[in-house]
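Student: Here you go, sequence then predicted model.
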Amino acid sequence: MKKDAWRALLRSVASQSGTDSCDTRALPMTGRSAWAKTFGGRWSLHFFCRLLKMGVDLVKKWRSGVCCFAFGLLGWVHLVGQALSSSGSVAIETSAYRSFLWRHTPRLTIRTGQSIGLYEVGVGWSTQGRRDWEAWRKYPAWGISASYIALGEQAHGAGWALFPHLSIPLWRWERWLIAFRIGTGLGYVVRPYDSFKNPTENAIGSHWNNLTQFRFGFNYRSDKHWRLQAGVSLTHLSNGAAKLPNFGINLPAYFFSASFSPREVIEESFRPAATPNRSERRWGALVGITHARIAYAVVDGPQYALWGASINALFHLDRLNRLSIGLDGEYNPAVAEFGRQTGSFLSARDARRGALRLALTPGAEFLFGPIGIHLQAGFYIGGPRINRYTPGPWYSRLTTRWYLPAIPHTHLRPWVGVALKAHNVNAEMIALQCGVLIHRE
């Protein structure tokens, strides 16, 4: 299609979304340049606004956790695009894992303990210091991989996954590298639980799931093109209670991998940082809202819309790392309904109060350009009249955020994210989040 035709298409889409609310001509030049650099210009911004509206409609209509994963992948698309623009080193990697199905709860009815294989192929982009944060982080690498998981008979058959990931160097010395990799994306299980067709395998209740993987490895560069790696990993599959049962699948493993870079990797390609990694402004705040759709207690039962809000105080150790302490509140209507049906609440008012959850949430966030990875622990507070039917006294949360450019002439920076909340090793929900960062750079 010719360029004029593309422009006509974008104009038609923008006209449907309403150009007044998204017109960058109303922004100051500094704000326009920041937004244009991120989204590719005024018409692309209109198109993005139209897509955002479509996404909100999907959240209202879809009754599956897939929407959360899809929005998470949208953020990673920008991430990978940034990596491509800042990288001169592209590598193809293949990995083989030897794992076993961990029986993390006695309520699992699938076959566990057997040895299984995971096989992965992917592409990665190594940063080389074109942005200062890349040098401060010791030149991390972005990537995206496809994986096949041979779960076996009596264990949901098999699984597939497509997930972006980030490799973070921890230590470098000559040809050796120790790195930690984190990845999250879409997973597909061939034979999930079904009350009629497959009632004896209860780890996963839906075809579409989230896959999250942590990997720690020792990396050796044999020459300017080849790298060999060995290490350990943990892979988790679940749907975040979007459909029950959802005990999840946990796969501890050891792995071996080899990667080939067509272009030579030489030390001279890596640029040092031009500025120090020091934050002049130490304090800030993070405000956000949360939405998730979850099933509760009953297999094949209805889904409920959960809403929450959070506020965190931030203390910047430097420009890439910050500590947080905050309050996290949720309203879980599934708890209210469950309590009413079982007679645990004496009135509708008691049910609404019992469905409230309040937690104190210390944590730490690690920044990689516009991407933030926030690790938090939540401790329920507020007494026995709230926080009813919580799976435990505390929980963990892993949030991946995409920070948009700051609103012109303010200290406000919008963000969107996807969060995985779990009690011990059981995921309670996968939620969409959005909010604003308040910090003076």
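Tutor: Right, received. Where do you want to start?
Student: Could you use CA atoms for every contact and neighbour count after this?
Tutor: Noted.
Student: Would you work out how far apart the start and end of stretch 110-121 are?
Tutor: End-to-end distance for stretch 110-121, by CA to CA, to the nearest Å: 27 Å.
Student: got a list of contacts for stretch 357-366?
Tutor: 320-332, 372-382, 386-388 (CA atoms under 8 Å, 6 or more residues apart in numbering).
Student: Please, a ChimeraX command that selects the buried ones among these?
Tutor: In ChimeraX, this line selects whichever of those come out buried by 16 or more other CA atoms under 10 Å:
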select :320,321,322,323,324,325,326,327,328,329,330,331,332,372,373,374,375,376,377,378,379,380,386,387,388
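Student: What about the contacts of stretch 357-366, which are in strands?
Tutor: Among those, the subset assigned to strands under DSSP state E consists of 321-331, 372-380.
Student: so who does the closest residue to S115 other than its chain neighbours touch?
Tutor: Nearest non-adjacent residue to S115, counting by CA to CA, 6 or more residues apart in numbering: F100, 4.5 Å away. Contacts for F100 (CA under 8 Å, 6+ apart) come out as 112-116, 251-253.
Student: do the same with I289
Tutor: With CA under 8 Å, 6+ apart, I289 has these contacts: 307-310, 433-435.
Student: Make CSV from these and add neighbour count, pLDDT and distance to A422 to it.
Tutor: Formatted as CSV, the contacts of I289 follow (neighbours: other CA atoms under 10 Å; pLDDT from 0 to 100; distance: CA to CA, whole Å):
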residue, neighbour count, pLDDT, distance to A422
W307, 18, 96, 16
G308, 19, 97, 16
A309, 18, 97, 17
S310, 19, 97, 17
Q433, 22, 97, 16
C434, 18, 97, 19
G435, 21, 97, 21
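Student: Mind listing what's buried along stretch 195-204?
Tutor: 200-204.
Student: Please enumerate the helices of the stretch 301-441 of the chain.
Tutor: With DSSP state H, counting those that start in this stretch, the ranges of helices along the stretch 301-441 of the chain come out as 333-342, 348-354.
Student: mind putting those in TSV, mean neighbour count and distance to L186 included?
Tutor: Formatted as TSV, the helices of the stretch 301-441 of the chain follow (neighbours: other CA atoms under 10 Å; distance: least, CA to CA, whole Å):
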stretch	mean neighbour count	distance to L186
helix 333-342	18	26
helix 348-354	18	33
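Student: Those: which one's closest to W125?
Tutor: The closest of the helices of the stretch 301-441 of the chain to W125 is helix 333-342. By CA to CA, the value is 43.2 Å.
Student: okay, the closest one in CSV with CA atoms only?
Tutor: C-alpha atoms of helix 333-342 as CSV (Å, rounded to 0.1, in the frame of the first residue of the first chain):
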residue,chain,number,x,y,z
PRO,A,333,-16.8,-9.0,45.3
ALA,A,334,-16.2,-12.8,45.0
VAL,A,335,-15.5,-12.8,48.7
ALA,A,336,-18.7,-11.0,49.5
GLU,A,337,-20.8,-13.3,47.4
PHE,A,338,-19.1,-16.4,48.7
GLY,A,339,-19.6,-15.3,52.3
ARG,A,340,-23.3,-14.5,51.7
GLN,A,341,-23.9,-17.9,50.1
THR,A,342,-22.2,-19.8,53.0
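Student: Give me the helices and strands touching it, please.
Tutor: strand 303-316, helix 348-354 (3 or more CA pairs under 8 Å, 6 or more residues apart in numbering; DSSP states H and E).
Student: Mind putting those into JSON lines with distance to S145?
Tutor: Shown next, in JSON lines, are those (distance: least, CA to CA, whole Å):
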{"stretch": "strand 303-316", "distance to S145": "31"}
{"stretch": "helix 348-354", "distance to S145": "43"}
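Student: Worst mean pLDDT among the ones you listed?
Tutor: The minimum mean pLDDT among these belongs to helix 348-354 (a mean of 90).
Student: Can you pull out the residues in contact with that helix?
Tutor: 333, 335-337, 339-340, 345, 385-388.
Student: Next step: the buried residues of stretch 195-204 restricted to strands.
Tutor: Counting by DSSP E, the buried residues of stretch 195-204 place none of their members in strands.
Student: Mind giving me the PyMOL select for the contacts of F100, buried ones only?
Tutor: Only the buried entries of the contacts of F100 go into this PyMOL selection, using 16+ other CA under 10 Å:
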select buried, resi 112+116+251+252+253
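Student: Which members of the contacts of F100 are positioned in helices?
Tutor: Applying DSSP state H to the contacts of F100, no entry is found in helices.
Student: Which of the contacts of F100 sits closest to V418?
Tutor: Out of these, the member with the shortest distance to V418 (by CA to CA) is L251, at 22.2 Å.
Student: residues contacting the nearest residue to that closest one once chain neighbours are set aside?
Tutor: Counting by CA to CA, 6+ apart, L251 lies nearest to T235, which is 5.0 Å off, once chain neighbours are set aside. Taking CA under 8 Å, 6+ apart, we find T235 in contact with 211-214, 250-252.
Student: Model confidence for the nearest residue to V299 once chain neighbours are set aside, exactly?
Tutor: Distances taken as CA to CA, 6+ apart put L244 closest to V299, at 5.0 Å, once the chain neighbours are dropped. On the pLDDT scale, L244 is placed at 91.
Student: centre of the chain versus the lengthiest strand in the chain, how much separation?
Tutor: Identified as the longest strand of the chain according to DSSP E is strand 157-173. Its chain's C-alpha centre and that of strand 157-173 lie 13 Å apart, by CA atoms, centre = their mean, to the nearest Å.
Student: What is that strand packed up against?
Tutor: Counting by 3+ CA pairs under 8 Å, 6+ apart, strand 157-173 packs on strand 141-152, strand 176-189.
Student: Quick one: name whatever helix or strand follows the longest one.
Tutor: Under the assignment DSSP states H and E, the closest C-terminal helix or strand after strand 176-189 is strand 208-221.
Student: Just the CA trace of that following strand, in CSV.
Tutor: C-alpha atoms of strand 208-221 as CSV (Å, rounded to 0.1, in the frame of the first residue of the first chain):
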residue,chain,number,x,y,z
TRP,A,208,-4.5,-19.7,27.5
ASN,A,209,-2.2,-18.9,30.4
ASN,A,210,0.6,-16.7,31.6
LEU,A,211,4.1,-18.1,31.5
THR,A,212,6.7,-16.5,33.8
GLN,A,213,10.3,-17.7,33.8
PHE,A,214,13.4,-16.9,36.0
ARG,A,215,16.8,-18.1,34.8
PHE,A,216,20.2,-17.9,36.3
GLY,A,217,23.2,-18.9,34.1
PHE,A,218,26.9,-18.9,33.6
ASN,A,219,27.8,-17.6,30.1
TYR,A,220,31.1,-18.3,28.2
ARG,A,221,32.0,-16.5,25.0
